[in-house]
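Trainee: Need a 3D model of the sequence below.
(one chain, ligands or ions: 1)
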Amino acid sequence: MALYKVYLCDVLDAIGSARRKDVRSHLQDYFNPIAQGGGFPEGALVDYITATPQPAANELLIYFMPFSWSIANQMPGTTFVSPLGGHDGLTKFSKGGEAVSEVYANSADTRVLANLAFHEAMHNKLRLGNDMHQQKGLASAVVDNAMRPSEDNVKKMKAALKTERPQWTGGVGLMLNKARQKASGDPAWNLTFP
Ligand SMILES: [Zn+2]
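Mentor: Predicted structure coming up:
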(Lines give C-alpha, C1' and ligand atoms only; values in the text may rest on other atoms or scores of the structure.)
Protein backbone atom coordinates (compact mmCIF):
# COMPACT_ATOMS: atom_id res chain seq x y z
CA MET A 1 0.00 0.00 0.00
CA ALA A 2 1.71 3.04 -1.25
CA LEU A 3 -0.86 5.64 -0.30
CA TYR A 4 -1.55 6.65 3.30
CA LYS A 5 -5.18 7.46 4.07
CA VAL A 6 -6.54 9.83 6.67
CA TYR A 7 -10.32 9.66 7.05
CA LEU A 8 -12.23 12.70 8.31
CA CYS A 9 -15.75 12.29 9.69
CA ASP A 10 -17.90 15.44 9.65
CA VAL A 11 -21.31 13.91 9.05
CA LEU A 12 -22.90 16.18 11.67
CA ASP A 13 -21.63 19.20 9.73
CA ALA A 14 -19.61 20.58 12.64
CA ILE A 15 -17.04 22.24 10.35
CA GLY A 16 -19.63 23.59 7.93
CA SER A 17 -19.69 23.21 4.17
CA ALA A 18 -17.97 26.56 3.51
CA ARG A 19 -14.90 25.58 5.50
CA ARG A 20 -14.69 21.85 4.91
CA LYS A 21 -12.54 22.07 1.78
CA ASP A 22 -9.89 24.25 3.44
CA VAL A 23 -9.60 22.03 6.52
CA ARG A 24 -9.02 19.03 4.26
CA SER A 25 -6.53 20.91 2.13
CA HIS A 26 -4.43 22.05 5.13
CA LEU A 27 -4.32 18.48 6.43
CA GLN A 28 -3.45 17.15 2.99
CA ASP A 29 -0.48 19.57 2.94
CA TYR A 30 0.64 18.36 6.39
CA PHE A 31 0.30 14.64 5.75
CA ASN A 32 1.62 14.45 2.19
CA PRO A 33 5.32 14.94 3.00
CA ILE A 34 4.95 12.85 6.15
CA ALA A 35 3.54 9.96 4.11
CA GLN A 36 6.17 10.30 1.42
CA GLY A 37 8.94 10.27 4.00
CA GLY A 38 7.25 7.59 6.07
CA GLY A 39 7.21 4.80 3.54
CA PHE A 40 4.24 5.78 1.34
CA PRO A 41 5.76 7.06 -1.91
CA GLU A 42 2.38 8.09 -3.36
CA GLY A 43 1.80 10.38 -0.39
CA ALA A 44 -1.33 10.90 1.66
CA LEU A 45 -4.99 11.01 0.81
CA VAL A 46 -7.01 13.03 3.31
CA ASP A 47 -10.74 12.99 2.68
CA TYR A 48 -14.19 13.08 4.25
CA ILE A 49 -16.27 9.97 4.60
CA THR A 50 -20.01 9.52 4.14
CA ALA A 51 -20.17 5.91 5.36
CA THR A 52 -18.24 3.76 7.82
CA PRO A 53 -14.72 3.36 6.42
CA GLN A 54 -12.41 0.40 6.72
CA PRO A 55 -9.09 2.00 7.54
CA ALA A 56 -5.96 -0.14 7.45
CA ALA A 57 -4.61 -0.80 10.96
CA ASN A 58 -2.01 1.96 10.60
CA GLU A 59 -4.31 4.60 9.09
CA LEU A 60 -6.20 7.41 10.83
CA LEU A 61 -9.81 8.44 11.41
CA ILE A 62 -10.55 11.85 12.93
CA TYR A 63 -14.04 12.79 14.04
CA PHE A 64 -15.15 16.44 13.97
CA MET A 65 -17.82 17.12 16.57
CA PRO A 66 -20.21 19.96 17.32
CA PHE A 67 -18.83 21.74 20.39
CA SER A 68 -19.53 19.88 23.65
CA TRP A 69 -20.41 16.65 21.83
CA SER A 70 -18.14 13.65 22.26
CA ILE A 71 -18.16 10.52 20.16
CA ALA A 72 -14.94 9.30 21.79
CA ASN A 73 -16.85 8.75 25.01
CA GLN A 74 -19.16 6.34 23.15
CA MET A 75 -16.30 3.94 22.46
CA PRO A 76 -16.72 0.81 24.58
CA GLY A 77 -13.97 -0.05 27.04
CA THR A 78 -12.94 3.45 28.09
CA THR A 79 -13.63 5.79 30.97
CA PHE A 80 -15.50 9.06 30.44
CA VAL A 81 -13.41 12.17 29.78
CA SER A 82 -15.18 15.53 29.78
CA PRO A 83 -15.08 17.09 26.30
CA LEU A 84 -15.00 20.50 27.99
CA GLY A 85 -12.06 19.79 30.29
CA GLY A 86 -8.96 20.24 28.15
CA HIS A 87 -8.09 21.58 24.71
CA ASP A 88 -10.60 21.33 21.86
CA GLY A 89 -9.97 17.69 21.10
CA LEU A 90 -9.60 14.29 22.68
CA THR A 91 -7.85 11.03 21.88
CA LYS A 92 -8.46 7.84 23.82
CA PHE A 93 -7.56 4.18 23.64
CA SER A 94 -9.89 1.33 24.56
CA LYS A 95 -8.91 -1.67 26.67
CA GLY A 96 -8.98 -3.63 23.42
CA GLY A 97 -6.39 -1.28 21.91
CA GLU A 98 -8.61 0.75 19.58
CA ALA A 99 -7.90 4.45 19.18
CA VAL A 100 -10.37 7.28 18.75
CA SER A 101 -9.61 10.94 18.05
CA GLU A 102 -12.07 13.80 17.94
CA VAL A 103 -11.89 17.56 17.41
CA TYR A 104 -14.48 19.94 18.82
CA ALA A 105 -15.34 22.43 16.11
CA ASN A 106 -15.24 25.41 18.42
CA SER A 107 -13.57 27.70 15.89
CA ALA A 108 -14.47 29.08 12.47
CA ASP A 109 -10.76 29.22 11.60
CA THR A 110 -9.95 26.38 9.22
CA ARG A 111 -6.26 26.47 10.17
CA VAL A 112 -7.09 26.05 13.86
CA LEU A 113 -9.38 23.11 13.06
CA ALA A 114 -6.71 21.47 10.89
CA ASN A 115 -4.06 22.08 13.58
CA LEU A 116 -6.28 20.53 16.24
CA ALA A 117 -6.85 17.51 13.99
CA PHE A 118 -3.10 17.14 13.46
CA HIS A 119 -2.55 17.46 17.22
CA GLU A 120 -5.02 14.66 17.92
CA ALA A 121 -3.49 12.59 15.11
CA MET A 122 -0.17 12.89 16.97
CA HIS A 123 -1.73 11.70 20.24
CA ASN A 124 -3.25 8.83 18.25
CA LYS A 125 -0.19 7.66 16.31
CA LEU A 126 2.36 8.25 19.06
CA ARG A 127 0.01 6.89 21.72
CA LEU A 128 0.96 9.59 24.18
CA GLY A 129 -1.20 11.51 26.63
CA ASN A 130 -0.46 14.98 27.96
CA ASP A 131 3.28 14.16 28.03
CA MET A 132 3.24 14.71 24.30
CA HIS A 133 2.63 18.42 24.79
CA GLN A 134 6.29 18.89 25.73
CA GLN A 135 7.27 18.07 22.14
CA LYS A 136 6.16 21.56 21.09
CA GLY A 137 5.07 22.62 17.59
CA LEU A 138 1.61 21.21 16.92
CA ALA A 139 2.17 18.79 19.80
CA SER A 140 1.76 21.77 22.15
CA ALA A 141 -1.20 21.90 24.52
CA VAL A 142 -2.48 25.04 22.82
CA VAL A 143 -2.40 25.44 19.05
CA ASP A 144 -3.21 28.58 17.07
CA ASN A 145 -3.55 29.39 13.39
CA ALA A 146 0.06 30.56 12.99
CA MET A 147 1.50 27.17 13.91
CA ARG A 148 2.58 24.43 11.48
CA PRO A 149 3.98 20.94 12.09
CA SER A 150 7.55 21.40 13.37
CA GLU A 151 10.50 19.48 11.97
CA ASP A 152 10.36 17.31 15.07
CA ASN A 153 6.57 16.74 14.74
CA VAL A 154 7.10 15.62 11.13
CA LYS A 155 9.99 13.34 12.04
CA LYS A 156 8.03 11.63 14.83
CA MET A 157 4.95 11.16 12.65
CA LYS A 158 6.99 9.76 9.76
CA ALA A 159 8.48 7.19 12.12
CA ALA A 160 5.04 6.26 13.48
CA LEU A 161 3.07 6.04 10.25
CA LYS A 162 3.42 2.29 9.84
CA THR A 163 2.69 1.57 13.50
CA GLU A 164 -0.57 -0.32 13.80
CA ARG A 165 -3.06 1.73 15.72
CA PRO A 166 -6.52 0.36 14.84
CA GLN A 167 -9.15 3.10 14.75
CA TRP A 168 -12.59 2.81 16.33
CA THR A 169 -15.02 3.23 13.44
CA GLY A 170 -18.18 2.54 15.45
CA GLY A 171 -18.79 6.25 15.95
CA VAL A 172 -19.51 6.85 12.28
CA GLY A 173 -22.76 4.84 12.36
CA LEU A 174 -23.85 6.60 15.57
CA MET A 175 -23.23 9.98 13.94
CA LEU A 176 -24.97 8.97 10.71
CA ASN A 177 -28.04 7.99 12.78
CA LYS A 178 -28.00 11.44 14.36
CA ALA A 179 -27.66 13.06 10.93
CA ARG A 180 -30.69 11.09 9.69
CA GLN A 181 -32.67 12.13 12.76
CA LYS A 182 -31.78 15.76 12.03
CA ALA A 183 -32.72 15.47 8.36
CA SER A 184 -36.10 13.99 9.30
CA GLY A 185 -36.88 17.07 11.40
CA ASP A 186 -36.89 15.23 14.74
CA PRO A 187 -36.35 18.00 17.33
CA ALA A 188 -34.65 15.50 19.64
CA TRP A 189 -31.78 15.01 17.19
CA ASN A 190 -29.58 17.50 19.03
CA LEU A 191 -29.71 15.75 22.37
CA THR A 192 -26.17 14.53 22.64
CA PHE A 193 -25.32 10.85 22.87
CA PRO A 194 -26.58 9.03 25.99
ZN1 LIG B 1 -3.15 17.26 23.48
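
Trainee: Show me what the residue sitting nearest the centre point of the chain bridges to in the sheet.
Mentor: By C-alpha atoms, centre = their mean, the mean C-alpha position of the chain lies nearest to Ile62, the distance being 2.3 Å. Ile62 has these beta-bridge partners by DSSP bridges: Leu8, Ser101.

Trainee: tell me the secondary structure for Thr163?
Mentor: Of the three states, Thr163 takes coil under DSSP: H, G, I helix; E, B strand; the rest coil.

Trainee: What separation is there between it and Ala57?
Mentor: Using C-beta to C-beta, to the nearest Å, we find Thr163 at a distance of 9 Å from Ala57. To be clear about C-beta, it is placed using only N, CA and C from the backbone, and glycine gets the same treatment.

Trainee: Let me see the mean pLDDT of stretch 143-163.
Mentor: The predicted model gives stretch 143-163 an average pLDDT of 97.

Trainee: buried sites along it?
Mentor: For stretch 143-163, burial by neighbour count (16 or more other C-beta atoms under 10 Å) applies to Val143, Met147, Arg148, Pro149, Asn153, Val154, Lys156, Met157, Lys158, Ala160, Leu161, Lys162.

Trainee: Just list the residues touching the second one, thanks.
Mentor: Residues in contact with Met147, defined by C-beta atoms under 8 Å, 6 or more residues apart in numbering, are Asn115, Gly137, Leu138, Ser140.

Trainee: burial measure for the closest residue to the last one other than its chain neighbours, as a count.
Mentor: Spatial nearest neighbour of Ser140, excluding adjacent residues (C-beta to C-beta, 6 or more residues apart in numbering): His133 at 5.8 Å. Residues contacting His133 under the criterion other C-beta atoms under 10 Å number 16.
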